[in-house]
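Undergrad: kindly return the folded structure for what I paste below:
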Amino acid sequence: MNMINYAGKAMLSQPMAGKTKEEIVAAREKAVAELKKRGYEVVNTFFTDEWYSKENMEKRGVENIPLCFLAKSLENMSLCNAAYFCAGWQNARGCRIEHETAKAYGLEIIYEEGEEK
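TA: All right, here's what the predicted structure looks like:
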């Protein structure tokens, strides 16, 4: 890794409700490319392994699956010095919470081009 251009670690905050897997992946790939171009290492906030399957979360006693995903995302935010907000973040409850958390804890906030702050 070229340390001269290293900007730190960033997470993505991305609305997912009502979107297809393809739309989610396309938006994620665009955001990751932008962050890498800016010198950031991207911290995963897209939890797809078996541990996060609906069935396994229910087996573990998770009562509120969206809240479980948000909690893990906030945990991963603690590894970052920046957060990137994808288009439409203002309309997603989890993204709004991530945004308020990023502001409250002093992370650099980056918006997808054309997004309102």
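
Undergrad: tell me the strands beside the longest strand along the chain, with direction?
TA: In the chain, with assignment by DSSP state E, the single longest strand is strand 8-13. Here strand 8-13 is paired, per DSSP bridges, with strand 40-43 (parallel), strand 82-85 (parallel).

Undergrad: just name the most buried of those.
TA: Of all the strands paired with strand 8-13, strand 82-85 has the most neighbours on average by mean count of other CB atoms under 10 Å, namely a mean of 24. (Each C-beta comes from the backbone N, C-alpha and C, glycine too.)

Undergrad: chain center to that one, what's the gap?
TA: How far strand 82-85 lies from its chain's middle: 7 Å, per CA atoms, centre = their mean, to the nearest Å.

Undergrad: could you look up the next helix or strand downstream of that strand?
TA: The helix or strand immediately downstream of strand 82-85 is helix 93-104, counting by DSSP states H and E.

Undergrad: show me what the following helix or strand past that next one is packed up against.
TA: Downstream of helix 93-104, the next assigned helix or strand under DSSP H and E is strand 108-111. If contacts are counted by 3 or more CB pairs under 8 Å, 6 or more residues apart in numbering; DSSP states H and E, strand 108-111 sits against strand 82-85, helix 93-104.

Undergrad: out of these, deepest packed?
TA: Sort those by mean neighbour count, taking mean count of other CB under 10 Å, and strand 82-85 sits at the top with a mean of 24.

Undergrad: please point out which parts of the lowest-mean-pLDDT helix or strand in the chain sit buried.
TA: Ranking every helix and strand in the chain by mean pLDDT, DSSP states H and E puts helix 54-59 at the bottom, with a mean of 87. For helix 54-59, the neighbour count (16 or more other CB atoms under 10 Å) marks residue 57 as buried.

Undergrad: tell me which strands and helices it is in contact with?
TA: Using 3+ CB pairs under 8 Å, 6+ apart, helix 54-59 sits against helix 65-77.
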